[in-house]
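[1] Make a model of this:
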Amino acid sequence: MTELDPVIHAAARLRISATLASLEEGDRITFPRLQELLDMTAGNLSTHLRKLEDAEYVVVEKTHQGRTPTTFVSLTRRGRRAFEDYTETLRHLLGEKP
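    Numbers count the residues shown, from 1 in each chain. Predicted structure coming up:
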């Protein structure tokens, strides 16, 4: 039996991965916008992003727009593939046909 990816399987990380996977490949979102969409505290979101970052599923990029610090978050190719594999495994476990 195939197992679900434990990095993505946590509810908060699944929501983060699904949100980032809805973006076009190569697109990114600001940390505050992601926080708003997911209705998560900054600390909670940061903790879960760190786990996804450690697995190389997301990239967190800190830059400046003018003098304003800005943090962008994007899904890596590896992260997109992991999410696709996760959803495929979930469908299989639920007995859905592709």
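
[2] can you pull out the helices in this protein?
    Ranges of helices within the chain are 6-9, 11-21, 31-38, 42-54, 77-93, based on DSSP state H.

[3] Residue 64: how many residues sit nearby?
    Applying other Cβ atoms under 10 Å, we find 8 other residues in the vicinity of residue 64. The C-beta positions use only the backbone N, C-alpha and C, and glycine is treated the same way.

[4] what's the answer for residue 71, then?
    Burial of residue 71 is recorded as 17 neighbouring residues (other Cβ under 10 Å).

[5] Which residue is the nearest non-sequential neighbour of the most centrally placed residue in the chain?
    In the chain, the centroid-proximal residue (Cα atoms, centre = their mean) is residue 17; its distance is 2.7 Å. Nearest in space to residue 17, with sequence neighbours left out and distances taken as Cβ to Cβ, 6 or more residues apart in numbering, is residue 83 at 4.7 Å.

[6] count of neighbours near that neighbour?
    By other Cβ under 10 Å, the residues close to residue 83 number 20.

[7] One more: residue 95?
    For residue 95, using other Cβ under 10 Å, the count is 6.

[8] ok, now which ones touch residue 51?
    Applying Cβ atoms under 8 Å, 6 or more residues apart in numbering to residue 51 gives the contacts 7, 10, 13.

[9] Would you mind measuring from the first one to residue 80?
    So the one you mean is residue 7. Applying Cβ to Cβ, to the nearest Å, the value for residue 7 to residue 80 is 14 Å.

[10] ok, now the second one?
    Distance check for residue 10 against residue 80: by Cβ to Cβ, it reads 18 Å.

[11] re the thing from before, can you name the residues that contact the residue nearest to residue 17?
    8, 17, 18, 20, 21, 57, 75.

[12] So which of the helices of the chain is the most surrounded?
    Greatest average neighbour count among those goes to helix 11-21 (a mean of 18), per mean count of other Cβ atoms under 10 Å.

[13] got the contact list for residue 56?
    76, 78, 79.
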